[in-house]
Each structure stands twice: as C-alpha cells, then as structure tokens.
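Peer 1: below are the sequence and a predicted model for it; my questions follow.
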Amino acid sequence: MDNKGHIKIRRIAYTKLRRLETYDFYNDIANTLKRFDSNAMHIANTCELLIDMQPKTLLLVTSEKEKGPHPHTIMLYELHVKRLKFAAIITHQMRTVEKADFEDTRPLIALSKPTVYGLLNYLRKNDKDGVEGLINQFFYDLKKKPEIKNALYELGFKRYMDELESVNNEHIALNFERKAQLSKRPKGSTLPVQRELQRMLNILFEQVEHYQYVYADVDYSKLITALNSIIAIYTKLIKTRDTKRKNKKLKLKEIKNAKIAQIIESVHADNEEPKTEQKLNNTVFDEEKTNIKSVSYTNNILNEKPKKNPTIPTNKIKREPPLINEVWNILKKRDKGKST
C-alpha cells in the first residue's frame, strides 16, 4: 500500500509527564478535537469517550482556594493579554494589506491569509488553553510550511510575529514553572486516572493513523498536524527537564571528583620529600653511598677465594697441572743444558 501523503502521529513519553502537565496535555488535545468534524473522520465515539473523561481529570488539579494565590499568576495574566494583542495586530494588519489590494502582494496574501485567519482570528473567544493551542499551531504550521512564513515576512509581519512567539514562549515557560510548583498531589493516588487517559489517547492516535488508509477520501492531515504540534511542545518540555537533570548529576559528580582530588593532593603534600636544596644534598649523599657500596662489592669479588663444590669431596678430585706450567718447565730445562 502506498504511504504517500500519510502522516504519522508523534509519540510521547506519558510516564514522564507530571500530574498537572497530564491535565494540560489532555485539555489541549480535547480542545483541538472540538475544532474538527469527528463524525466525518469516523472517530466520534472515541472523541466522545475522551471528552467524557473531563470530570475525572479534575482530580489531577488542586483548586485555587486549596493552593492559594501563586506569585506567577499576575505575570501570566499580563503575558496572556500581550499575546492576544499581538495576535490581533497580525490579523488587523492582514485585513489592511488585503484591502490595499496591491498587485504584487496578492499572491503573498492568498498564500498566508488562510493560516492567519484560521488560527489567530477572534482568539479571545477561547479560554487560555485554547489560545495557547492555536498560537502554537500557528507557529508549528509556519515551521512545516516555510513558504507561508516567508510570505508573511515579505508583507512586513516579521516584527509582530517575533514578538508574539517570544511572549507566547515566555508564557509557556512560566506556566510550566508554576504548574511544577503546584504539583502537590491531593489525597489518594491519581495514577489510575493518568493511565486511563494515556490508554484513551493512544486509542485515538492509532485510529487516526489507521483511518488514513481506510478512508482515503477524508483529509486527516490538518488534525494530525494539530496533534503533532501539541505533542512537540510537551516532548520538548520533557527533554529539557531530562537535560537539566542530567547536567545537574554531571555537575555534582564533577564537584565530588574535585573534592576527592583535593584530598589526595593534600595527603601527597603532607608526605612530600624535602625541598630542592636539601633534596639535592640527599641525592649526592645517596650516590656516594652507592659508589662506596659498589667499590666494596667489587673488591670483595676480586679477593674472594673460590668456593669448594659442596657436592663433590675435595679428596676425590684429580688435579691436572695447568698447560702453561708444563710449557714453562720445558723452557727452563733447555736453558740449563746450554749453560753447562
């Protein structure tokens, strides 16, 4: 079967998501599903079961009254208002350029207008999670389709897009930090709820991937792209957290090794030999002692008498006169004969 045009849904490590992150992840997926026709995609039953789980997911969240006000809450609100303003500027600017109807900008507008209007128009009608999901979807689409991004840059939208992305990323980071600090579990374990959500989401993802082949006349690409944009955000969060944890461990290991090296160095310093001048004198003295020993040893070798072989008794050895002595005796006899 030809896989051309079929998109795979990203995988995510559910077990690495914190309790409140699981809640946010579920709501982002649920809000995304509401924007699509689940009946036409033959996933209505699964979507209904998933959305019906919303009351259970509330067990993952502690109410504001229980946890009290958080210092990041005011800042998060200000960032949320800011990103709404920048999104409104982009949509307003698009209308202005469209009304101007310049001939050279028509192709650029035709290419980029559906993405801008489809994702950034009337954001205030959505809740905070919905707003964040749509803005994330907007930048995810631009990353996947650079021609739309380039068209918006040519139309003069770059400054507003950069500001919107910066504010949105700041909001995400601060919100995750706040959620991490508020991750105190309520009474009772929430693990069964998290596992049930995981199973239902996996069923949904598998169905959507499979139905691309079964219902060739239905376009699943936009839904899958939207789901992948959400998964990419939480996957990045998990990887960032893992990297920080790994770096922290490495730093602690380096500190530990440095302390061990310092202890070893101090021990060596305590047992160190005397400094240069005294060390040199000691070396000379040691050399003289060595020379004296070597001379003494050589003299002993020279003066040493040959040792008897302990295995053979001396009385049983036949001593033969050396050859040089015999020659010398012969020469002496001849000299005596001539003189007489």
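Peer 2: Perfect, thanks for sending it.
Peer 1: which helix runs longest in this structure?
Peer 2: Using DSSP state H to assign secondary structure, the helix with the most residues in the chain is helix 221-270.
Peer 1: ok now that one, how far from the chain's centre?
Peer 2: With C-alpha atoms, centre = their mean, to the nearest Å as the basis, helix 221-270 stands 6 Å off its chain's centre.
Peer 1: what does stretch 156-175 give?
Peer 2: Averaged over its C-alpha atoms, stretch 156-175 has a centre that lies 24 Å from its chain's centre (C-alpha atoms, centre = their mean).
Peer 1: use 4 as the first number for this chain going forward.
Peer 2: Got it, the first residue is 4 from now on, which makes the last one we talked about stretch 159-178.
Peer 1: quick one: contacts of that stretch?
Peer 2: 75, 78-79, 82-83, 85-86, 89-90, 92-93, 96-97, 135, 138-139, 142, 145, 155-156, 236 (C-beta atoms under 8 Å, 6 or more residues apart in numbering). No exception for glycine: its C-beta is placed from N, CA and C like everyone else's.
Peer 1: drop anything exposed from those.
Peer 2: Judged by neighbour count, with 16 or more other C-beta atoms under 10 Å as the criterion, the buried members of the contacts of stretch 159-178 are 75, 79, 82-83, 85-86, 89-90, 92-93, 96-97, 135, 138-139, 142, 145, 155-156, 236.
Peer 1: who's in contact with T108?
Peer 2: Listed by C-beta under 8 Å, 6+ apart, the contact partners of T108 are 100, 157-158.
Peer 1: how about a cut-off of 10 Å?
Peer 2: 100-101, 154, 157-159 (C-beta atoms under 10 Å, 6 or more residues apart in numbering).
Peer 1: if I look at it, how far off is L167?
Peer 2: Using C-beta to C-beta, to the nearest Å, T108 is found at 21 Å from L167.
Peer 1: what do you get for E106?
Peer 2: With the distance defined as C-beta to C-beta, E106 ends up 28 Å from L167.
Peer 1: between the two, tell me which one has more neighbours.
Peer 2: Neighbours were counted for E106 and for L167 using other C-beta atoms under 10 Å; L167 has more, 24 against 6.
Peer 1: is G159 in a helix, a strand, or coil?
Peer 2: In the three-state summary, G159 is assigned as coil, counting by DSSP: H, G, I helix; E, B strand; the rest coil.
Peer 1: state the pLDDT value of the residue lying closest to T49 once chain neighbours are set aside.
Peer 2: Setting aside the residues directly before and after it, T49 is nearest to L207 in space (C-beta to C-beta, 6 or more residues apart in numbering), at 5.1 Å. The predicted local confidence for L207 comes out at a pLDDT of 93.
Peer 1: ok, so what distance separates L207 from S41?
Peer 2: The separation that L207 has from S41, given C-beta to C-beta, amounts to 10 Å.
Peer 1: ditto for A33
Peer 2: As judged by C-beta to C-beta, A33 and S41 stand 11 Å apart.
Peer 1: what do L207 and S41 both touch?
Peer 2: Residues touching both L207 and S41 by C-beta under 10 Å, 6+ apart: 49-50, 53.
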